[in-house]
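Asker: Just to be clear, the model below is a prediction. Sequence and coordinates:
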Amino acid sequence: THVRRKRIGTSGRSLLAAVCNGDAEAVTKELTARNVRVCHPLTGCSTLHLAVLGDNPTILSILLKNRSADLNMRDNEGRTALHYAAARCNLDGDPTMFYMLSEKGAKDDLSVVASADNPYLEVLNVA
């Protein structure tokens, strides 16, 4: 199901671009309590999702320092940043971002969105 998202302003777009480009200085500059929760208008991916998908623990660390970050925000597919971190961990064996999110309190009920096209999520929840 597609979630209808609000349009984002210029600062929100700048933050999303900085996260996608891995620009730590720009992320720090653009980061405010208001725009840490912005999400990509087509995918619903939050800044946390994008940092994980971009395999950028430095950016993720900067974002996690902001207390307004919604650790359990779901994208249009119903997945959180932790879901993507778990899948990435299973693909490349590096659990860094998974642990970063978990230690900040991201919920680890991964079975909610496990599906035939992504069996890793269900397997990781069993462990």
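Answerer: Noted; the coordinates are in hand.
Asker: So which residues of this protein form helices?
Answerer: For the chain, helices defined by DSSP state H occupy the ranges 10-21, 24-30, 47-53, 57-64, 81-92, 96-104, 120-126.
Asker: okay, those in a markdown table with mean neighbour count next?
Answerer: From N, CA and C alone the C-beta is placed, and that goes for glycine too. A markdown table is the format used below for these (neighbours: other C-beta atoms under 10 Å):
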| stretch | mean neighbour count |
| --- | --- |
| helix 10-21 | 18 |
| helix 24-30 | 16 |
| helix 47-53 | 27 |
| helix 57-64 | 20 |
| helix 81-92 | 21 |
| helix 96-104 | 18 |
| helix 120-126 | 15 |
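Asker: worst average pLDDT in those helices?
Answerer: Of all the helices of the chain, the minimum mean pLDDT falls on helix 120-126 (a mean of 39).
Asker: Next one: the residue nearest to the spatial centre of the chain relative to residue 30, how far apart?
Answerer: With distances taken as C-alpha atoms, centre = their mean, the residue of the chain nearest its centroid is residue 49 (1.9 Å). Applying C-beta to C-beta, to the nearest Å, the value for residue 49 to residue 30 is 17 Å.
Asker: again, but for residue 105
Answerer: 24 Å.
Asker: Now do the contacts for residue 58.
Answerer: Neighbour list for residue 58: 22, 24 [criterion: C-beta atoms under 8 Å, 6 or more residues apart in numbering].
Asker: Please read the previous query as pertaining to residue 23.
Answerer: No contacts exist for residue 23 under C-beta under 8 Å, 6+ apart.
Asker: Next, find the distance separating it from residue 29.
Answerer: Between residue 23 and residue 29 the computed distance is 9 Å (C-beta to C-beta).
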